[in-house]
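# Dropping the sequence and predicted coords here.
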Amino acid sequence: TQAGAVIVASGAYTGRTTPRIQRKIVPLGSYIIATAPLPPDLARELLPRGRMAFDTRHLLHYFRLTPDGRMLFGGRARFFPESPAMVRASAAVLERDRAQVFPQLRGTPAEYAWGGTLDVAFDMMPHAGHHDGCHYAVGYAGHGVAMATYLGTQLGAQLAGAPFTNPFAGLPFLGAPLGLYDGRPWFLPFAGAWYALLDWVQ
């Protein structure tokens with residue numbers, strides 16, 4: 001049996017089954033740590049309005065308080081996709097960085113640490129389209145919760161013959177310059193060092 005159409009929505013986990021798309025997506029690790037519940041006075045001191053926040057670094061940090069008063073603190077501590085060893089290494093980096101943002105939490109251990117892998121295109125934009133009967137929606141760069149839901153709905157409508165909208169139709173989906181990327185992100189250590197340098201001189 002041969003399918004008339006296939007949807008590729010595998011994000012950072014896009015593999016050799018679809019090599020044309022894999023060569024245009026870079027998998028990046030993103031990691032988060034969480035403290036134990038903080039005393040209410042300390043929690044209010046850290047984020048008085050209780051809002052989600054992030055900084056403007058290239059290797060950015062994002063943080064918020066949970067309903068039970070834990071401080072979630074995440075970011076691009078390491079660029080590599082998640083693994084148990086990478087989660088542990090990233091947790092140590094995030095604890096160090098958290099102490100710089102919130103000195104009040106210096107010495108407060110992380111009670112939980114976890115990570116995931118997100119997909120980034122070379123132009124930092126999402127991409128949705130089709131090629132040789134293969135429909136795809138990838139490249140969310142950490143914004144997939146909302147965008148993937150929307151584009152999945154639009155792709156489903158398209159395949160069902162219903163009205164649909166693709167705001168990324170016609171956007172060139174380029175790979176690495178000179179074809180230097182085959183889907184294995186060998187350059188991540190260099191990219192991480194470059195962005196760390198940009199943050200240092202900023």
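On my side now, so go ahead. Keep in mind that this is a model prediction, so the values were computed, not measured.
# Report the secondary structure element holding the residue positioned nearest the centre of the chain.
Note on the chain: the residue nearest the mean C-alpha position is residue 142, at 3.1 Å, using CA atoms, centre = their mean. Per DSSP states H and E, residue 142 falls between elements, in no helix or strand.
# Check whether the closest residue to it other than its chain neighbours sits in a helix, strand or coil.
Of all residues not flanking residue 142 in the chain, residue 118 sits nearest, at 4.9 Å (CB to CB, 6 or more residues apart in numbering). Every residue, glycine included, has its C-beta placed from N, CA and C. Assigned by DSSP: H, G, I helix; E, B strand; the rest coil, the conformation of residue 118 is strand.
# got the contact list for residue 118?
Shown in contact with residue 118 (CB atoms under 8 Å, 6 or more residues apart in numbering): 11, 12, 27, 28, 29, 30, 140, 141, 142, 144.
# Would you tell me what the next helix or strand after the helix or strand the third one falls within is?
Translated: residue 27. For residue 27, the element it lies in under DSSP H and E is strand 25-34. Per DSSP H and E, the first helix or strand lying C-terminal to strand 25-34 is helix 40-46.
# picking up where we left off before, please determine how far the residue nearest to the centre of the chain is located from residue 32.
The spacing between residue 142 and residue 32, counted by CB to CB, to the nearest Å, is 12 Å.
# centre of the chain versus the lengthiest helix in the chain, how much separation?
Using DSSP state H to define each element, the chain has its longest helix at helix 84-101. Here the centre of helix 84-101 is set off from its chain's centre by 16 Å, with CA atoms, centre = their mean, to the nearest Å.
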